[in-house]
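A.B. asks: the following block contains a protein sequence and its predicted model.
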Amino acid sequence: DKWFRVKVAMTTFDADKGTEKESNQHILLSAMDVRDAFDKVSSHMNQLGVGYVIPSIAYQKIVEVFPQDEWQVVDGQEQPKEDATPVEA
């Protein structure tokens, strides 16, 4: 799989003020291609029930991914544990 960064622009309505608010989120996900990334994010966003647009999808060159439970804090910095096994990127 390849890694993609998907920008999602969401529109929410503030009923108290009667205004719309736009906000952006970036989602990093593993997918086979751009279409697969689009389909995965669309499926997720449709479950949330908010208006959204996907203005961009960018391929990311990611070499290794370590599961969160395989990290440790050393001198105030997070680092992979010595026996950590990376997920195939």
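C.D. replies: Yep, it's here.

A.B. asks: how much space separates Glu22 from Gly51?
C.D. replies: Using C-beta to C-beta, to the nearest Å, Glu22 is found at 9 Å from Gly51. All C-beta atoms are positioned from the backbone trio N, CA, C, and that covers glycine.

A.B. asks: can you map out the helices along the chain?
C.D. replies: Secondary structure of the chain (DSSP state H): helices at 34-48.

A.B. asks: shaky segments in it?
C.D. replies: Scanning the chain for pLDDT under 70 picks out the ranges 83-89.

A.B. asks: now the strands for it?
C.D. replies: For the chain, the strands defined by DSSP state E cover 2-14, 19-31, 51-60, 64-65, 71-74, 77-80, 87-88.

A.B. asks: in the first one, which residues are buried?
C.D. replies: Within strand 2-14, the residues that qualify as buried by neighbour count (16 or more other C-beta atoms under 10 Å) are Lys2, Trp3, Phe4, Val6, Val8.

A.B. asks: what's the distance between the nearest residue to Met32 once chain neighbours are set aside and Val34?
C.D. replies: Nearest residue to Met32 in three dimensions, chain neighbours excluded: Asp1, at 6.2 Å (C-beta to C-beta, 6 or more residues apart in numbering). Distance check for Asp1 against Val34: by C-beta to C-beta, it reads 13 Å.

A.B. asks: pull the residues that contact stretch 30-40.
C.D. replies: Outside stretch 30-40, the residues that touch it by C-beta atoms under 8 Å, 6 or more residues apart in numbering are Asp1, Lys2, Trp3, Phe4, Val6, Leu29, Ile54, Ile57, Tyr59, Ala89.

A.B. asks: let's have these in JSON lines, adding distance to Gln72.
C.D. replies: Formatted as JSON lines, the contacts of stretch 30-40 follow (distance: C-beta to C-beta, whole Å):
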{"residue": "Asp1", "distance to Gln72": "26"}
{"residue": "Lys2", "distance to Gln72": "28"}
{"residue": "Trp3", "distance to Gln72": "24"}
{"residue": "Phe4", "distance to Gln72": "28"}
{"residue": "Val6", "distance to Gln72": "30"}
{"residue": "Leu29", "distance to Gln72": "25"}
{"residue": "Ile54", "distance to Gln72": "36"}
{"residue": "Ile57", "distance to Gln72": "33"}
{"residue": "Tyr59", "distance to Gln72": "30"}
{"residue": "Ala89", "distance to Gln72": "21"}
